[in-house]
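[1] Prediction below, plus the sequence it came from.
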Amino acid sequence: MAVNLAEKYSEQVDETIRRGLLSTAGVNNDVTFGNAQTVTVFSMETAPLNDYNPNGGMNRYGTPTELQDATQEMRMSQQKAFTFTIDKTYAADSPESVRNAGKALQRQIEQVIVPEIDRYRFLKLSELAGTKSYGALTAENAYTAFIEANTAITDEEFPIENRVAFCSNTFIELLKKDTLHFTKATELAQQRIIFKGMVGDCDGVAVIAVPKRRLPAGVSFIITHPMCAPAPVKLQDYKIHQDPPGIAGSLVEGLVYHDIFVFDNKKAAVSVRFGQLGTLANSISDGVLTISGDTNGGRLYYKTGSSVTAPALGDTLASGWTEVPADGKVTVSDGAKLCTALVNSDGKCVAVSAVS
């Protein structure tokens, strides 16, 4: 017997996803995929202005040319699934409702699915942003960096209304410490809370606090406008199979099919600041390197030798760095130094370990 929660509890499941996502305020549903995996979006170019010539005969407005168009292909890619069982015997030996399949599924959605969708959306926004800047942020320059990033969007003539900023809690703390500029020029307060996670406004932009684990390594804030990024959730399918063949108890399965894109002609309205170098930690056992810490949003590299210098935030790795293989197997000579670094899609260092 299977209980299809996407049908029986669709409103409850959708509400859980919507309520938990922090990224919703910065995306839209303007692109419909329907039964297709790929959608092609057309955008029309514009014509130059000419000087009107009343004596120009048939071409008084200038010489007409055919208006050109541009296309952008969007292909859905994120098909994420999970499955687990809850055995009847374990459930019988546990306090009532502890091993409840429905509650376990709800917990899976809230603690795994929702953060994963947010992480992917913030990663793609940071990769596809039209404006990117690097540099350590402090209480003295955090507000200025935010203003500069927001001004870059304004100079591209994008709407000021409805912009949102997804900020790390560390960055928000830096803003609050800038008593010289920030508190006099902004209203970061509980006066206009309209989005999940919103803590106030900065330079007229809604500020949404995002846990560090959901942001790409190194990212302090992302400013965007919801018109820039369609983020379809095409399919949510959750099932609880009761006593399926071979299992005494519940088999829970789930699938979510989603993605996010940024319109080519609206990338300039997305601005990201890499303002804090992430921290990595290394451990080696039987020649296998394990790296933990801020590993979200890039590729891992390592360097070993008698003398190794750790890169700084925004650096391009110099020679001698090697990408960490999938199996983690590396060779480190006795007495040699080791350093690891995370490089984002621009080839810039955004997280690093200590040299050990």
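    Here it is on my side, so go on.

[2] quick one: low-confidence ranges for the stretch 151-300 of the chain?
    Residue ranges of the stretch 151-300 of the chain with pLDDT under 70: 182-197.

[3] can you pull out the helices in the stretch 51-200 of the chain?
    88-92, 101-108, 114-128, 142-155, 169-177, 182-185 (DSSP state H, counting those that start in this stretch).

[4] hey, which of those helices is tucked in deepest?
    Ranked by mean neighbour count, the helices of the stretch 51-200 of the chain are led by helix 114-128 with a mean of 21 (mean count of other CB atoms under 10 Å). In short, each C-beta sits where N, CA and C put it, glycine included.

[5] which helices and strands does that helix pack with?
    helix 10-20, strand 219-224, strand 249-258 (3 or more CB pairs under 8 Å, 6 or more residues apart in numbering; DSSP states H and E).

[6] show me what contacts Cys167?
    By CB atoms under 8 Å, 6 or more residues apart in numbering, Cys167 lies in contact with Leu175, Val207, Ile208, Ala209, Val210, Ser220, Phe221.

[7] give me that answer again for 7 Å
    Residues in contact with Cys167 (CB atoms under 7 Å, 6 or more residues apart in numbering) are Val207, Ile208, Ala209, Val210, Ser220, Phe221.

[8] Among those, which one sits closest to Ile260?
    Within the contacts of Cys167, proximity to Ile260 (CB to CB) peaks at Val210, which comes in at 15.0 Å.

[9] Leaving out the residues flanking it, which one is nearest to the closest one?
    Residue nearest to Val210 in three dimensions, not counting chain neighbours: Phe166, with 4.9 Å by CB to CB, 6 or more residues apart in numbering.

[10] can you pull up the bridge partners for the one you found?
    Ile208, Ile222 (DSSP bridges).

[11] So what pairs up with the residue lying closest to Thr85 once chain neighbours are set aside in the strands?
    Closest residue to Thr85 apart from its sequence neighbours, by CB to CB, 6+ apart: Leu251 at 5.3 Å. Legend: beta-bridge partners of Leu251 under DSSP bridges are Thr85, His241.

[12] quick revisit: contacting residues for the residue nearest to Val210?
    Here Phe166 is in contact with Gly26, Phe122, Ile208, Val210, Phe221, Ile222 (CB under 7 Å, 6+ apart).

[13] Quick check: the residue most central in space within the chain vs Gly297, distance?
    In the chain, the residue lying closest to the centroid (CA atoms, centre = their mean) is Phe122, at 1.3 Å. In this view, Phe122 and Gly297 are 8 Å apart by CB to CB, to the nearest Å.

[14] Spit out the residues that contact these two alike.
    Pro216.

[15] The nearest residue to the residue nearest to the centre of the chain once chain neighbours are set aside: how many residues sit nearby?
    Excluding its sequence neighbours, the residue lying closest to Phe122 (CB to CB, 6+ apart) is Leu215, at 5.4 Å. Using other CB atoms under 10 Å, Leu215 is surrounded by 30 other residues.
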